[in-house]
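Trainee: give me a 3D structure for the following:
(2 chains)
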Amino acid sequence: MSEKIQGNIAIPGIAIGKIMKVGQSLDGYMAAYTPGSAEEELSKLEEAIDTISAAIDESVEAMRAAGQDEQAEIMEAHSFLLMDPMLTDGMNDKTREMGHAPKAVLEAAQECAEMLAGMDDEYMRERSADVKDIGRRIARHLLGVKEPEIGEEPVVLCGFEVEPSAIANIPDDKIAGVIMGQGSTTCHAVIIAKSRAITTVVGLENRVEDIPEGAKVLLDGNEGLVLVNPSEDELAAYEAKIKAQQEEQKRLDALKDLPAETTDGVKVQLAANIGLPEDAEAAAKYGNQGVGLFRSEFLFMGRENIPDEDLQFEAYKRAIVACNGETCVIRTMDIGGDKPLAYLNIPHEDNPFLGYRAIRISLERPDLFMPQLKGILRAGVYGKAAIMAPMVISVDEIKGIRAAMEKAMAELEAEGKEYSKDVELGIMVETPAAAVMTPVLAKYVDFFSIGTNDLVQYTLAVDRVNPQISKLYDHFNPAVLQLIYRTIKSGVENGKWVGMCGEMASDPYAAVILMAMGITELSMSAPSIPKVKEKIRSLSMDEAKAHLEKVMAMETGAEIREYLHSKI
Amino acid sequence: MQELNLKVLNKPGLHARPAKELVKFNKGIESDVVIKFNGKSANIKSMMAVMGLGAKQDAEVTVTIEGPDEADVAKAVTEMFANGFGFPDEL
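Mentor: The predicted model follows:
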């Protein structure tokens, strides 16, 4: 019997798959667990360890049989480490102590993981997460939690929140869609799903709990609808829609090599937002012109020490080369207290999002900033690189960055290393302070790139991941448009180019009025490029300017959105 | 019981590769082998314990061996340390 649940649109498309629940808390299971005697708990633990160990061995055999030798080697080393007596003895000792096998297992795994995380050997540090995983796997077995399996049928990941890595770990042909209870369409999981064009529906809130593990679902990402156990009739109706979707895709593919220009010849540069160097290569199939935002955080995450200059240089070089002569804009480290890193040592903050983060850290930590700047300057030799600083609020910060760049160049000069003297410096305009001050800031930078995700948040005082108020988050809110227009005008008047790298850039309707304002670059998740290009090619700049004039006189975001969707 | 004083020759120290070799070696013998370094001790049945010793290149460790085949094991262990646990590229 089918059930319809209405959520919010995140990533369009129509997908059919089998539900795989993720990120479930074990709290409920723990509360319901009644431990037996210490002897009983120990024997349950033994059985659990044997079962999981056998399962891993089976995977290794299956991989060998399938000729996946490299993966088998890895899994085997994995199993070696995971059945290490230090871990199993730890689990046994704690079970004896606590008389509660699942709790003992999680604690023992946590301790081992912490020990590994502190080791000098990089391989062992990486195994730290694996140890926690095996602990959870054994605990789940003890608690009687059903283990989801990726079989032949593609899965639809379902949870209140979905870890970006959960999506990353499943290959394209095995993942059909994502369903989330939380409501943000700009959280990292959605951004990753968007870059792989995986249909996603968000905002189901607690209704995600009603969807059973293993259920067949049809995701209508175009409507934000989830159909659990769809009937034959419903499936047939959607088949027609899927066909239409495929034709649409063909049309968009044909756009790849056509220029992004209005009917009267005004061009805009459509670039890609990337998180890894290889994304720059993958973006090419969508017809991007360069990279407008290279998020450098991946270099800093999951490490115990600062990534060195050479490591960073190689990563930046790869992306710059893939841009084939077009600009590659690299954003400097944009991390803070919300993502604890061992080498940042940030004391607890009640509000890390308004705290010690991003450029504020970089300017005070030359040990972090120098390797990044030097890596970028060296990589700049291989193409066209630009540096973009996040979360800037003042002229002082920009001057500090320029000084740091000078110092980096002096050091490279002294070290006899080749570097580019032509790397542009720009800022992300994402704070109201920066937006308001753009007439002054324009004198000190080579470009602005508008970071609408945070600009909208800060300007409207709305937390974008809060489902209760996500309706208030609107990039067409007149307050936001005014700040954007001000920023673009400041750039244009000072001969500096202005682009946008926030999610607003991927809205075709927004693209039209942004072009009319004078923006010359829009950077977005690559799969969004064709749609935006199509919209731009459908009208003239004169028409766009006329629409802009109308829109800037309107009083509410709803009015503006309705107008644009009906007129363009 | 046999007690040996041996030196770690491998450049990366007693890291994952030698630790794994020791674990494999341990499966084929009867004796217990414990490596002591810097106030810590590690039974070679545990890869994590051996690595947790933090013994770098040139570290001097004490190896105690106890069991019916301890004489043979002592010889074998001495050889393992001397030839970099089978990884000449690390010497």
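Trainee: now the helices for chain B?
Mentor: Taking DSSP state H, the helices of chain B run over residues B:16-27, B:47-52, B:70-82.
Trainee: I'd like to know which elements the last one is packed against.
Mentor: It refers to helix B:70-82. strand B:2-7, helix B:16-27, strand B:60-66 (3 or more C-beta pairs under 8 Å, 6 or more residues apart in numbering or on different chains; DSSP states H and E). For the C-beta atoms, the positions are set from N, CA and C on the backbone; glycine is no exception.
Trainee: with the shortest one instead?
Mentor: In this structure, helix B:47-52 packs against helix A:69-82, helix A:85-98, helix A:101-117, helix B:16-27, strand B:40-43, with contacts taken as 3+ C-beta pairs under 8 Å, 6+ apart.
Trainee: most tightly packed of those?
Mentor: Among the helices and strands packed on helix B:47-52, ranked by average contacts under mean count of other C-beta atoms under 10 Å in any protein chain shown, first place goes to helix A:101-117 (a mean of 22).
Trainee: for stretch A:515-522, the distance to its chain's centre please.
Mentor: 25 Å (C-alpha atoms, centre = their mean, to the nearest Å).
Trainee: ends of it, what's the gap?
Mentor: End-to-end span of stretch A:515-522 (C-alpha to C-alpha, to the nearest Å): 9 Å.
Trainee: please tell me how far residue A:217 sits from residue A:243.
Mentor: 20 Å (C-beta to C-beta, to the nearest Å).
Trainee: okay, these two: which has more neighbours?
Mentor: Each of residue A:217 and residue A:243 has its neighbours counted (other C-beta atoms under 10 Å in any protein chain shown); residue A:217 has more, 26 against 11.
Trainee: chain neighbours aside, what residue packs nearest to residue 85?
Mentor: No chain was given, so I picked chain A. residue B:46 (4.4 Å; C-beta to C-beta, 6 or more residues apart in numbering or on different chains).
Trainee: looking at chain B here, not the other one
Mentor: According to C-beta to C-beta, 6+ apart, the nearest residue to residue B:85 is residue B:18 (4.0 Å).
Trainee: the one you found touches residue B:87, doesn't it?
Mentor: Yes. Using C-beta atoms under 8 Å, residue B:18 is in contact with residue B:87, at 7.4 Å.
Trainee: okay, and the common contacts of the two?
Mentor: residue B:10 (C-beta atoms under 8 Å, 6 or more residues apart in numbering or on different chains).
Trainee: need phi/psi at residue A:424.
Mentor: phi -70, psi 150 (degrees, to the nearest 10).
Trainee: for the one 10 residues further on, same thing?
Mentor: The phi and psi values for residue A:434, taken as degrees, to the nearest 10, are phi -60, psi -40.
Trainee: could you verify my assumption that it touches residue A:442?
Mentor: No. Look at residue A:434 against residue A:442 with C-beta under 8 Å: they stay out of range, at 10.8 Å.
Trainee: between the two, who's got more neighbours?
Mentor: residue A:434 (25 against 22).
Trainee: list the contacts for the more buried one?
Mentor: Contacts were defined as C-beta under 8 Å, 6+ apart; by that measure residue A:434 touches A:392, A:393, A:427, A:428, A:441.
Trainee: adding mean pLDDT and distance to residue A:114, write the helices and strands packed on helix B:70-82 out as a markdown table.
Mentor: Shown next, in a markdown table, are the helices and strands packed on helix B:70-82 (pLDDT from 0 to 100; distance: least, C-beta to C-beta, whole Å):
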| stretch | mean pLDDT | distance to residue A:114 |
| --- | --- | --- |
| strand B:2-7 | 94 | 29 |
| helix B:16-27 | 88 | 18 |
| strand B:60-66 | 96 | 24 |
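Trainee: next, format the ones you listed as JSON lines and append distance to residue A:21.
Mentor: Below are these laid out as JSON lines (distance: least, C-beta to C-beta, whole Å):
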{"stretch": "strand B:2-7", "distance to residue A:21": "52"}
{"stretch": "helix B:16-27", "distance to residue A:21": "34"}
{"stretch": "strand B:60-66", "distance to residue A:21": "48"}
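Trainee: out of those, which is closest to residue A:553?
Mentor: For residue A:553, the closest of these is helix B:16-27, at 66.6 Å, according to C-beta to C-beta.
Trainee: for chain B, what are the nearby residues on chain A?
Mentor: Contact residues, chain A versus chain B (C-beta under 8 Å from any C-beta of the partner chain): A:77, A:80-81, A:84-87, A:89, A:112, A:115-116, A:119-121, A:123-124.
Trainee: now for the residues you listed, which pair is the farthest apart?
Mentor: Most distant of these, by C-beta to C-beta, are A:89 and A:120, 23.3 Å apart.
Trainee: thought residue A:142 was touching residue A:44, still the case?
Mentor: Yes. Here residue A:44 reaches residue A:142: they are 6.0 Å apart, a contact under C-beta under 8 Å.
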